[in-house]
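A.B. asks: Turn this into a structure:
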Amino acid sequence: MPPKADINKAGWEQSEFPILCETCLGDNAFVRMTKQEFGRPCGTCARPFTVFRWNPGQGMRYKHTVICQTCAKIKNVCQTCLLDLEYGLPTQVRDAALGIKSAAPSSDINREYFAQNMDGKLEGNKSLLDSTRTQSAGKEMLKQLARTDPYYKRNRPKICSFFAKGECNRGNECPYRHEMPEDNELSKQNMQDRYYGRKDPVARKILGLNAETQGLKPPEDKSITSLFLSSLPQSATEQSIRTQVVQTLPVSAAPSPSTDANPANAIRSIVHVAKSRCAFVNFVNRNAAERAAEVWSAGLEIDGERVNVKWGRSRPKAGNGKEEVGPVATSSVPVVT
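C.D. replies: Numbering: from 1, shown residues only. Model (predicted):
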């Protein structure tokens, strides 16, 4: 007769091998790992899980798993670096390109309950993303941004805090890097933000650079909060445009930082000019417009056809004697020329 299960360990996770990307696993074909059952609580759902620890290569720092396998499968990410397993990109970049909305609760309430319910749904599936319907343009964008080779530089030792203070006296024997830390937004990364794809500085940098490459660099005029859609299909209506726009907007575009923020609230108005087959999408603030431009740099499909996306332009100032040309829009009333 099997021993009675411990009721206090209900829902705790046991596993035989971690879910890791090639970079975190390292270039050592004979890597040795230590395994500790229920070694620490998961960094997202807070359930105790099996923790693995290993050295990915000579001169590298020891690494360990930080989230449980259930949470890793829900987002299809590595248990250590929390990057997407297929493309090696932050979840915010992947979800923005594919139009995936996060269903997992990011607050402390119900996180453990949600993870336990997902265990049954994940049986037989590698990830909940397997059945997600996505646009081909988003997949092409991810293929272009994806890192094709392992980036082992990410496994280097951390910076020596004593060296930064000028107090390290171990010299070459110090196991940490003797470099001065850089104080920028990339140095302020958060596990929860990386996992749930919100306000991730690495993702913001990748999306911003891609938008610039595609000709969607944000204009210097901060009052411009509109995007111009051209080459719309003949069948397009204001409702079909609004439906597709809301579906493709990332959660980060929502004006409210709450976990239940609705991207639809980021849109102030949509003005459809059927005769010219164009439309203006006016956003409530500049941040929402920039997040939309980053996502639509991969291409926006409406009624099965790909449309062109450009930034709007501000109205010409009265009495300046100049006349704007091209798509012009403000956050309230657009102007078509």
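
A.B. asks: Could you list the domains of this structure?
C.D. replies: 1-213, 217-337 (automatic domain parsing).

A.B. asks: Mind putting these into JSON lines with mean pLDDT and mean neighbour count?
C.D. replies: C-beta here means a position set from N, CA and C on the backbone, and glycine is covered the same way. Listed next are these as JSON lines, based on pLDDT from 0 to 100; neighbours: other C-beta atoms under 10 Å:
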{"stretch": "domain 1-213", "mean pLDDT": "82", "mean neighbour count": "16"}
{"stretch": "domain 217-337", "mean pLDDT": "79", "mean neighbour count": "17"}
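
A.B. asks: Could you look up the SS state of Pro233?
C.D. replies: Here Pro233 is recorded as coil under DSSP: H, G, I helix; E, B strand; the rest coil.

A.B. asks: Contact partners for it?
C.D. replies: 277, 302-305, 307 (C-beta atoms under 8 Å, 6 or more residues apart in numbering).

A.B. asks: mind redoing it with 6 Å?
C.D. replies: With contact taken as C-beta atoms under 6 Å, 6 or more residues apart in numbering, Pro233 is in contact with 303, 305.

A.B. asks: tell me the phi and psi of it?
C.D. replies: Dihedral pair for Pro233: phi -70, psi 160, per degrees, to the nearest 10.

A.B. asks: for the chain, longest helix please?
C.D. replies: helix 201-213 (DSSP state H).

A.B. asks: Output it as PDB, nothing but the C-alphas.
C.D. replies: Presented in PDB, the C-alpha positions along helix 201-213 are these (Å, rounded to 0.1, in the frame of the first residue of the first chain):
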ATOM      1  CA  PRO A 201      13.300  47.200 -20.700                       C
ATOM      2  CA  VAL A 202      15.000  44.600 -22.900                       C
ATOM      3  CA  ALA A 203      11.800  44.000 -24.900                       C
ATOM      4  CA  ARG A 204      11.200  47.700 -25.200                       C
ATOM      5  CA  LYS A 205      14.600  48.200 -26.700                       C
ATOM      6  CA  ILE A 206      14.100  45.400 -29.200                       C
ATOM      7  CA  LEU A 207      10.700  46.600 -30.300                       C
ATOM      8  CA  GLY A 208      11.900  50.200 -30.500                       C
ATOM      9  CA  LEU A 209      14.800  49.300 -32.700                       C
ATOM     10  CA  ASN A 210      12.700  47.200 -35.000                       C
ATOM     11  CA  ALA A 211      10.100  50.000 -35.300                       C
ATOM     12  CA  GLU A 212      12.900  52.400 -36.400                       C
ATOM     13  CA  THR A 213      14.100  49.900 -38.900                       C
END
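
A.B. asks: Would you mind pulling the contact partners of it?
C.D. replies: Residues outside helix 201-213 that contact it (C-beta under 6 Å, 6+ apart): 90, 92-93, 185-186, 293-294, 297.

A.B. asks: quick one: it to chain centroid distance?
C.D. replies: Chain-centre distance of helix 201-213: 11 Å, with C-alpha atoms, centre = their mean, to the nearest Å.

A.B. asks: after that helix, next one along is what?
C.D. replies: Downstream of helix 201-213, the next assigned helix or strand under DSSP states H and E is strand 226-230.

A.B. asks: Which elements pack onto that next one?
C.D. replies: With contacts defined as 3 or more C-beta pairs under 6 Å, 6 or more residues apart in numbering; DSSP states H and E, the packing partners of strand 226-230 are strand 278-283, strand 305-311.

A.B. asks: which stretches of the stretch 51-200 of the chain form strands?
C.D. replies: In the stretch 51-200 of the chain, the segments counted as strands under DSSP state E, counting those that start in this stretch are 63-64.

A.B. asks: And the residue nearest the centre of this protein?
C.D. replies: What sits nearest the mean C-alpha location of the chain, by C-alpha atoms, centre = their mean, is Gln92, with 0.6 Å.

A.B. asks: if I pick that one, what's in contact with it?
C.D. replies: Gln92 neighbours (C-beta under 6 Å, 6+ apart): 197, 200, 203.

A.B. asks: can you check Phe38 too?
C.D. replies: For Phe38, the contacting residues are 12, 48, by C-beta under 6 Å, 6+ apart.

A.B. asks: now it: how far from Val93?
C.D. replies: Phe38 sits 33 Å away from Val93, going by C-beta to C-beta, to the nearest Å.

A.B. asks: What of Leu232?
C.D. replies: For Leu232 relative to Val93 (C-beta to C-beta), the value is 27 Å.

A.B. asks: go on, Val307?
C.D. replies: Taking C-beta to C-beta, one finds Val307 at 22 Å from Val93.

A.B. asks: Who's the closest spatial neighbour of Thr44, skipping the chain neighbours?
C.D. replies: Cys71 (4.7 Å; C-beta to C-beta, 6 or more residues apart in numbering).
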